[in-house]
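[1] fold the following for me, if possible:
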Amino acid sequence: MRKEEILTPQELEAEARLRADEERWIRENFPDIVGQHPNLLGALQMARMAAEDGECTVLLTGETGSGKELVAQAIHENSCRRAAPYRTVNAASLPAELADSLLFGHEKGSFTDAHAATRGILREAHGGTVFLDEIQELDLRVQAKLLRFLQDHRVIPLGSVGEPWEVDVRIIAGSNENLLDAVAAGRFRRDLYYRLNVLPIEMPPLRERKEDILLLANHFLAQFNEAKGCDTALSPEAAAALMAYDWPGNVRELRNLMERLVILCRNREIRAEDLPREIVSGAPELEERPLRTLREARAVVVAAFERDFIYRQWAAHGFHVTRTAEALGESRQWLSKQLRKYGLTTSVGRRARPRLAP
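    Residues are numbered from 1 along each chain as shown. Model prediction:
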């Protein structure tokens, strides 16, 4: 039995308003993270809980370029630690012999070239947050020391014989691989994995949230158009090619491409032939149907735009059909038909979000 058949209309409307309020909070407090896909919104809801908690360790997983660093910084900036330092460390860039010193500090003379004592990143971020990205690359000896820190929040600088320093720092760890695989391979400590995995957040790859591709593309185009004084837009054919591509580099790859296209195309429409070959070759409509008309391409994108516009208006009016229809200047019957046509229901959190056309 469907939820719509169990709950009363009032309960359904209250649930829809709650979801709309949650999505509004995300848009206002995580403005740099763009998307409407349920998997992304679920991850951001977890990030909101992490921000409101302010203390628990967070494990962010997801492919390279999926937005882990943006989410880590958003968690910090929306937490009670926002006024304290935020530090990002890429474990893959830490030489094994220096990782201990860089994180925990060292005393003068503790090793060759240690001409002065250093505090280390953890002490420098006292009261704030440290994001340890690609943590699976951290040297096993340093993993043991990090585990101890997570247990007692004390820092012992390399070469120190004095009392440990009490440090209040929240750790957010990031990884672009399944840490349990690293544990099985003997590259990562199992006990450290469980200590980090207090609040896991998985960032979905862009290929699994196709609905967000055009939303992100237009978001980046607007940013770069404003920064560079340009007026560049996507053609329907280019939009279709972006939608068909799998984006192995995720959001970062899309962002970099939009910047390149604004530079190259400047004040004209971005056409399919302006896109890299690997993107055009991934669009079956463009490859298999070379005679596809502009009218057909435009119809696809216009339908996507209409669906997105209706959804946004519906959400803005608390998912109230009559009020939304009045705002659109249409009848309630017309709007109900469009909602059915585009598969939009009051259980919006479990439905695919509409995609944004250029």
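[2] doesn't residue 38 make contact with residue 211?
    No. Counting by Cβ atoms under 8 Å, residue 211 does not reach residue 38; the two are 9.3 Å apart. The C-beta positions use only the backbone N, C-alpha and C, and glycine is treated the same way.
[3] tell me which of these two has more neighbours.
    Per other Cβ atoms under 10 Å, whichever of residue 211 and residue 38 has more neighbours is residue 211, with 20 against 17.
[4] excluding its backbone neighbours, what's nearest residue 129?
    Spatial nearest neighbour of residue 129, excluding adjacent residues (Cβ to Cβ, 6 or more residues apart in numbering): residue 76 at 4.1 Å.
[5] neighbours of that neighbour, how many?
    Per other Cβ under 10 Å, the neighbour tally for residue 76 reads 25.
[6] that one belongs to a helix?
    Yes. Assessed with DSSP: H, G, I helix; E, B strand; the rest coil, residue 76 lies in a helix.
[7] what sits against it?
    51, 82, 86, 128-129, 131, 170, 172 (Cβ atoms under 8 Å, 6 or more residues apart in numbering).
[8] quick check: buried residues in stretch 184-193?
    Using 16 or more other Cβ atoms under 10 Å as the test for burial, stretch 184-193 gives 188-189, 192-193.
[9] where does the stretch 251-358 of the chain dip in pLDDT?
    Residues of the stretch 251-358 of the chain meeting the criterion pLDDT under 70: 282-301, 304, 342-358.
[10] can you give me the helices for it?
    For the stretch 251-358 of the chain, the helices defined by DSSP state H, counting those that start in this stretch occupy 277-280, 284-288, 294-316, 321-328, 332-341.
[11] same list (the ones you listed) but as CSV, adding distance to residue 98 and mean neighbour count.
    Output for the helices of the stretch 251-358 of the chain, formatted as CSV (distance: least, Cβ to Cβ, whole Å; neighbours: other Cβ atoms under 10 Å):
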stretch, distance to residue 98, mean neighbour count
helix 277-280, 38, 14
helix 284-288, 49, 14
helix 294-316, 49, 17
helix 321-328, 59, 16
helix 332-341, 59, 14
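[12] which among those helices is found nearest to residue 239?
    Closest approach to residue 239 among the helices of the stretch 251-358 of the chain (Cβ to Cβ): helix 294-316, 5.4 Å.
[13] one step back: retrieve the pLDDT associated with the residue nearest to residue 129.
    Reading off the confidence values, residue 76 has pLDDT 97.
[14] before we move on, what about residue 23?
    Listed pLDDT for residue 23 reads 78.
[15] with the one 5 residues further on instead?
    Each residue has a pLDDT score; the one for residue 28 is 85.
[16] neighbours of it, how many?
    Counted by other Cβ under 10 Å, the residues lying close to residue 28 total 9.
[17] quick check: which element contains it?
    helix 9-29 (DSSP states H and E).
[18] just residue 132 next, same as before
    Using DSSP H and E, residue 132 maps to strand 129-133.
[19] got the CA coordinates for that strand in CSV?
    Once non-C-alpha atoms are left out, strand 129-133 reads as follows in CSV (Å, rounded to 0.1, in the frame of the first residue of the first chain):
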residue,chain,number,x,y,z
THR,A,129,38.3,21.1,12.7
VAL,A,130,40.9,19.1,10.7
PHE,A,131,39.9,17.4,7.5
LEU,A,132,42.2,14.5,6.8
ASP,A,133,41.6,13.6,3.1
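[20] that strand packs against which elements?
    Judged by 3 or more Cβ pairs under 8 Å, 6 or more residues apart in numbering; DSSP states H and E, the packing partners of strand 129-133 are helix 68-77, strand 86-90, strand 170-175.
[21] just checking: what are the partner strands of that strand?
    Using DSSP bridges, the strands paired with strand 129-133 are strand 86-90 (parallel), strand 170-175 (parallel).
[22] and after it, which helix or strand comes next?
    By DSSP H and E, the next helix or strand past strand 129-133 is helix 140-152.
[23] quick check: angle from that next one to strand 170-175?
    140 degrees (axes from the mean of the first three to the mean of the last three Cα atoms, to 10 degrees).
[24] can you read off the pLDDT for the residue nearest to the spatial centre of the chain?
    For the chain, residue 67 is the residue whose C-alpha lies nearest the centre (Cα atoms, centre = their mean; 3.8 Å). Per-residue confidence (pLDDT) for residue 67: 94.
[25] okay, residue 31: pLDDT?
    pLDDT, read off for residue 31, is 85.
[26] quick check: it vs residue 142, distance?
    Applying Cβ to Cβ, to the nearest Å, the value for residue 31 to residue 142 is 35 Å.
[27] and the two? Which one has more around it.
    Each of residue 31 and residue 142 has its neighbours counted (other Cβ under 10 Å); residue 142 has more, 19 against 9.
[28] how about the nearest residue to the more buried one once chain neighbours are set aside, phi and psi?
    For residue 142, ignoring the flanking residues on the chain, the nearest one in space by Cβ to Cβ, 6+ apart is residue 99 at 4.6 Å. Dihedral pair for residue 99: phi -60, psi -40, per degrees, to the nearest 10.
[29] can you give me every residue that contacts residue 99?
    91, 138-139, 142.
[30] can you pick the most crowded of those?
    residue 138 (24 neighbours).
[31] any figure for the gap between that one and residue 230?
    From residue 138 to residue 230 the distance is 42 Å (Cβ to Cβ).
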